[in-house]
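1. curious how this folds, go ahead:
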Amino acid sequence: MSARNLLLFGVLIAAAIGTWYLARVRGDEGASQRSVDPVHRGFYLKSARILGTGPDGGLLYEIRARHAEEQLDGSIEFTDVRLDYSPEMDVPWSVNADSATILPAHPRVQLRGHVRATSSRAFSDSDTEIRTQYLELDPERYIAETDERVQIRIGARSLTATGMLASLNDDRLELKSNVSGKFVP
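-> Numbers count the residues shown, from 1 in each chain. Predicted coordinates:
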């Protein structure tokens, strides 16, 4: 082996060792940055059951959902949702929806997609059903509200309207506009 080849071989070995060292150092820096840089993933639940309590700490309502997932902003997204009031609250309403959102520090549950609120003894002890595509429910104040089109069935009577405000604990209902109905004697 000539001196020139030996020198070239030495330079190649030094370059290989240098690139190996730099790759190792940069790889370690990237790994340490990834471990220090927290990625908030929140929680994810299947067959979720969330209990809401009132000001006294007693059970107020229960939310059951097929999935619940905490979002980056702290909100909780639910799918296939059912909200029932505690039997002790004597609020005979159940609410179902395709999805729902609870925002942090916001007392309302935003229900979307085929929202259906039912009660067997709300108005005149008749089966009552409220249907809409969007409903905001304040479970602590027992208030349900929407600005969307709403269909209401009370026994054999039915109404449609645009917008509604309902007080579920004292069975009061206020329709906002475009009210039309059908009453069977």
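2. residue 134 contacts residue 146, correct?
-> Yes - at 5.6 Å, residue 134 counts as touching residue 146 under the criterion of C-beta atoms under 8 Å. Every residue, glycine included, has its C-beta placed from N, CA and C.
3. more neighbours, these two?
-> Applying other C-beta atoms under 10 Å to residue 134 and residue 146 shows that residue 146 carries more neighbours, namely 22 against 16.
4. for the more buried one, which residues count as its bridge partners?
-> Residue 146 has these beta-bridge partners by DSSP bridges: residue 164.
5. find residues that contact each of residue 134 and residue 146.
-> Shared contacts of residue 134 and residue 146, defined by C-beta atoms under 8 Å, 6 or more residues apart in numbering, are found at residue 115.
6. for the helix or strand containing residue 12, what is the average pLDDT?
-> According to DSSP states H and E, residue 12 maps onto helix 3-36. When pLDDT is averaged along helix 3-36, the result is 67.
7. before we move on, what about stretch 115-126?
-> pLDDT averaged over stretch 115-126 gives 78.
8. so the closest residue to residue 129 other than its chain neighbours is in which element?
-> Nearest residue to residue 129, sequence neighbours excluded (C-beta to C-beta, 6 or more residues apart in numbering): residue 153, at 4.6 Å. Using DSSP H and E, residue 153 sits within strand 143-154.
9. buried set for that strand?
-> Residues 143, 144, 145, 146, 150, 152, 153, 154 are the ones in strand 143-154 that count as buried (16 or more other C-beta atoms under 10 Å).
10. gap between it and the chain center?
-> Distance of strand 143-154 from its chain centroid, counting by C-alpha atoms, centre = their mean, to the nearest Å, is 20 Å.
11. now swap in stretch 166-180 and tell me
-> Using C-alpha atoms, centre = their mean, the offset of stretch 166-180 from its chain centre is 25 Å.
12. and if you look at stretch 156-173?
-> With C-alpha atoms, centre = their mean as the basis, stretch 156-173 stands 24 Å off its chain's centre.
13. can you list the domain ranges for this protein.
-> 1-39, 44-182 (automatic domain parsing).
14. return the most buried member of those.
-> Sort those by mean neighbour count, taking mean count of other C-beta atoms under 10 Å, and domain 44-182 sits at the top with a mean of 16.
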